[in-house]
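>>> please work out how this folds:
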Amino acid sequence: MKHFRAPKESLKDIDPEAIGSLISTSSDIALVLDLEGVIYDLAFGNDEWSSEWYGKWLGQAMIDTVTIESRSKIESLLADARAKMPPRWRQVNHPSSWGADVPVSYTALMIGETGPIVACGRELWSTSLLQQRLVNAQQSMERHYSKLRHVEARYRLLFQVTTEAILVLDANSWKVVEANPAAEHLLGGDIDALQNQTFVDVLDETSRGEAIAYFNSVRATGRSDDVRTKLKGGGGTVMLSSSLFRQDNASLILLRLKAPASAAQPAAPPAASSNLLNVIEKSPDALVITDAASRIVSCNPAFLDLVQLANAALAIGQPFENWLGRPGVDLNVLVVNLRQHGSVRLYPTVLRSDYGTAVNVEISAVAVDQGVELHFGYMIRNVDQRPRGDSPAVGQGMQRSVHQLTELVGRVPLKELVRETVDEIERLCIEAALELTGDNRASAAELLGLSRQSLYVKLRRYGLADASSDGEPTD
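Below is the predicted model of the structure:
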């Protein structure tokens with residue numbers, strides 16, 4: 001540490017007020033102590049600290065303002081100051097009402113022969129927070145890297161042991177980036193040799209033009225229908241199936257090679273299954289199949305017409321909720337009921353297109369557990385053009401209620417009529433929501449945009465709560 005060259009000359013005219021301002025300004029905490037270490041004056045550079053500690057510390061021994069493990073440091077700090085030892089910085093912790101200890105680094109100096117002792121502190125709170133954030137960020141990165149390593153290990157294992165020939169191609173040059181052992185066996189070359197050539201080089205010359213057009217289509221749309229092609233050198237015929245994905249700002253093609261089914265083992269489904277698939281494809285009602293995460297696995301042309309999509313590839317893999325009713329409400333109600341009851345009938349909602357148009361629909365749905373993964377099937381019917389005929393039960397109740405209320409005009413003030421009308425509509429809406437959700441109150445509350453507690457209050461108010469449960473929460 002470098003001290004002033006001649007402090008007696010350069011600082012001789014500074015008065016105590018200026019010295020006090022200088023110390024309090026240059027320190028986060030400045031304490032003036034007697035030789036016993038009792039605080040009889042102090043200053044803070046932070047208003048929050050001043051309101052927290054000023055009244056508590058004044059008149060207290062400095063050693064009583066720190067945590068237990070810091071008391072020995074305060075004793076050493078004051079002993080060095082009384083012995084006029086060269087100043088040293090020591091970090092101590094002050095307890096606070098905020099729940100966390102506040103770290104402060106102090107140095108102390110005795111003025112004159114009989115005191116006082118001046119202790120100057122620098123807060124380390126900001127540094128501590130930054131250090132903690134750094135530690136948290138490092139731990140988060142380690143967890144992320146560990147997760148990525150596990151995913152890569154599983155991918156590598158699956159890639160190596162699968163019996164299906166799989167290649168990863170560069171989408172622009174069609175060069176082979178990766179190939180699994182099954183692809184090496186099918187194409188009759190080692191992996192190193194495959195990675196040094198484009199995929200079209202392993203095809204028969206008569207099939208290369210069709211393969212190039214196929215890859216261009218995949219690059220433009222993301223996927224394409226399977227295509228049959230021939231391998232060179234009499235390697236036989238294979239079916240190409242592709243998907244486009246991005247990695248490290250590059251477009252890649254995941255290519256699967258499948259040998260076509262032999263004549264002795266036809267790949268066509270049985271007649272009954274084939275007829276059923278034809279009916280689904282040509283059905284005027286929309287059909288959507290999703291996985292357990294509600295992402296579309298399959299859909300028929302009627303669904304594409306309703307949401308105005310050009311082809312199924314634009315829907316497959318996307319969340320069904322992108323086109324269904326109110327986000328976060330309708331699909332959640334359907335899925336909850338499917339998981340609990342296995343099926344839903346005639347659920348009314350709205351189907352939205354990518355262009356902002358909407359159609360009123362009714363949905364019947366079923367949950368199918370295939371043993372490996374749960375799937376949901378949704379049958380969607382457009383009811384915009386349905387003949388109205390008789391009103392439903394709720395509508396009839398509404399008509400009767402309105403008729404009864406209009407008969408009270410002139411006998412009951414308008415304010416009371418309006419209040420009764422609102423109550424009646426609210427009760428009918430709650431009854432309709434309970435009917436739509438199969439008396440599932442949690443789903444009904446979400447459908448109505450109410451909290452569950454608010455719904456229970458209204459159920460008791462209108463006498464709709466079950467006597468057995470006395471209106472208590474039930475799901």
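
>>> I253: neighbouring residues, count only.
I253 has 22 neighbours, counted by other C-beta atoms under 10 Å. For every residue, glycine as well, the C-beta is placed using N, CA and C.

>>> nearest residue to it in space, please, no chain neighbours.
Residue nearest to I253 in three dimensions, not counting chain neighbours: L169, with 4.4 Å by C-beta to C-beta, 6 or more residues apart in numbering.

>>> ditto for S443
In space, and not counting its chain neighbours, S443 is closest to T437: 4.0 Å by C-beta to C-beta, 6+ apart.

>>> my read: the one you found touches V335, true?
No - with contact defined as C-beta atoms under 8 Å, T437 does not count as touching V335 (11.8 Å).

>>> show the pLDDT at D15.
With respect to pLDDT, D15 scores 61.

>>> equivalent analysis for A18, please.
Value listed for A18 in the pLDDT field: 64.

>>> same question for A393.
For A393, the predicted pLDDT is 44.

>>> and E36, its phi and psi?
Backbone torsions of E36, given as degrees, to the nearest 10, read phi -90, psi 0.

>>> just checking, it touches A61?
Yes - counting by C-beta under 8 Å, E36 touches A61, with 7.2 Å between them.

>>> compare the two and say which is more crowded by neighbours.
The neighbour comparison of E36 against A61 (other C-beta under 10 Å) goes to A61, with 15 against 12.

>>> I figured the more buried one hits G37, correct?
Yes - with contact defined as C-beta under 8 Å, A61 counts as touching G37 (5.2 Å).

>>> make sure I280 is indeed in a strand.
No - with DSSP: H, G, I helix; E, B strand; the rest coil as the criterion, I280 is located in helix rather than a strand.

>>> what is the burial count for it?
17.

>>> now G449
For G449, the count of nearby residues is 10 (other C-beta under 10 Å).

>>> can you pull the contacts of it?
V329 (C-beta atoms under 8 Å, 6 or more residues apart in numbering).

>>> one more pass at 10 Å, please.
G449 is in contact with 326, 329, 433, counting by C-beta atoms under 10 Å, 6 or more residues apart in numbering.

>>> quick one: pLDDT of the first one?
R326 is assigned a pLDDT of 71 by the prediction.

>>> would you confirm that it contacts V350?
Yes - using C-beta atoms under 10 Å as the test, R326 is close enough to V350 to be in contact (8.0 Å).

>>> which one's more surrounded, those two?
Set R326 next to V350 and count neighbours by other C-beta under 10 Å: R326 wins out with 16 against 13.

>>> helix/strand/coil for that one?
Secondary structure state of R326, per three-state DSSP, is coil.

>>> and it, backbone torsions?
Torsion angles, degrees, to the nearest 10, at R326: phi -80, psi 120.

>>> before we move on, what about A315?
phi -100, psi -40.

>>> before we move on, back to that, list the contacts for the residue nearest to S443?
T437 makes contact with 333-334, 336-337, 344, 347, 443-448 under the criterion C-beta under 10 Å, 6+ apart.

>>> that one and V168, how far apart?
According to C-beta to C-beta, to the nearest Å, T437 and V168 sit 46 Å apart.

>>> same question for V151.
16 Å.

>>> those two - which one has more neighbours?
Higher neighbour count among V151 and V168: V168, with 19 against 10, using other C-beta under 10 Å.

>>> and that one, which helix or strand is it part of?
Using DSSP states H and E, V168 sits within strand 165-170.

>>> next: I380.
When elements are defined using DSSP H and E, I380 is found to belong to strand 374-382.

>>> what does M141 give?
Per DSSP H and E: M141 is located in helix 125-161.

>>> so how far is that helix from its chain's centroid?
Taking C-alpha atoms, centre = their mean, to the nearest Å, one finds the center of helix 125-161 at 18 Å from the center of the full chain.

>>> stretch 198-205 too?
Distance of stretch 198-205 from the chain centroid (C-alpha atoms, centre = their mean) equals 43 Å.

>>> which positions in it come out as buried?
For stretch 198-205, burial by neighbour count (16 or more other C-beta atoms under 10 Å) applies to 198-200, 202-204.

>>> and the end-to-end length of it?
Taking C-alpha to C-alpha, to the nearest Å, stretch 198-205 runs 13 Å from one end to the other.
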